[in-house]
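Engineer: Quick one, structure for this:
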Amino acid sequence: MLFSIEYWPDPQRGIKEAYRVLKIGGKACLIGPVHPTFWLSKFFADMWMLFPKEEEYIEWFKNAGFKDVKLKRIGPKWYRGVRRHGLIMGCSVTGVKPLSGDSPLQLGPKVEDVQKPVNPLVFLSRLILGAIAATYYVIVPIYMWIKDQIVPKGRPI
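Structural biologist: The predicted structure is shown next:
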C-alpha cells in the first residue's frame with residue numbers, strides 16, 4: 001500500500017482487509033504521508049485530505065491484529081533538521097500477521113451516504129482549496145530544495 005491512504009475514506013477498514021488477505025507470517029507495508037507541523041501546512045492538510053499522525057498508523061496496524069509493528073520515517077535526501085517548516089514527510093509502517101483468518105478487529109457496517117445531494121458551493125470551495133493546497137505542496141518542497149543548496153551542510157533547514 002503505497003501513498004494512497006490519504007484517499008481512503010476509512011483507513012482502519014483498509015488495513016483490516018490487508019490483514020485478511022495475508023497468509024500467516026506475511027508482512028504488510030504501508031507508506032504514506034505524515035501530518036505536518038507548521039500551521040499553514042496543517043490547515044491545508046486538514047482541509048484537503050487525510051494526513052495521519054505517526055501514532056495513528058501504529059494504532060491502526062495494532063488494532064487490526066498485526067504484531068511486530070514498526071514505523072520508519074522517510075523523506076527526500078535534502079531533508080535535514082526539524083520539521084518546523086511543516087513539510088509533509090512520509091513514513092513506512094510494517095506489521096506481521098501472526099494468526100490465520102480474519103482480523104480480530106470488529107468494525108460495524110460501512111456508512112456511506114451517496115444519496116445525499118452535493119452542495120455546489122461546498123464542492124466549488126473544496127475544489128478551489130484543493131487546488132491551492134496542491135500548489136502549496138509543490139512549492140514548499142521546491143523552496144526546501146533551494147534552501148538546502150544555500151544553507152551550509154550540517155545545519156538544519
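Engineer: Double-check Lys70 against Cys91; I have them as touching.
Structural biologist: No - Lys70 is not in contact with Cys91 according to C-beta atoms under 8 Å; the separation is 10.1 Å. Where C-beta positions appear, they are placed from N, C-alpha and C, glycine not excepted.
Engineer: In terms of neighbours, single out the busier of those two.
Structural biologist: Neighbour comparison, Lys70 and Cys91: the larger count goes to Cys91, with 19 against 13 (by other C-beta atoms under 10 Å).
Engineer: Could you list every helix and strand in contact with the helix or strand containing Pro141?
Structural biologist: For Pro141, the host element (DSSP states H and E) is helix 120-150. Helix 120-150 sits against helix 39-48, with contacts defined as 3 or more C-beta pairs under 8 Å, 6 or more residues apart in numbering; DSSP states H and E.
Engineer: packing partners for the following helix or strand past the helix it packs on?
Structural biologist: Once the chain leaves helix 39-48, the next helix or strand it forms, by DSSP H and E, is helix 54-64. When contacts are defined as 3+ C-beta pairs under 8 Å, 6+ apart, helix 54-64 packs onto helix 11-21, strand 27-33, strand 67-74, strand 90-96.
Engineer: For the first one, buried residues please.
Structural biologist: Within helix 11-21, the residues that qualify as buried by neighbour count (16 or more other C-beta atoms under 10 Å) are Pro11, Gln12, Gly14, Ile15, Lys16, Ala18, Tyr19.
Engineer: Excluding sequence neighbours, find me the nearest residue to Gly90.
Structural biologist: Ile74 (4.7 Å; C-beta to C-beta, 6 or more residues apart in numbering).
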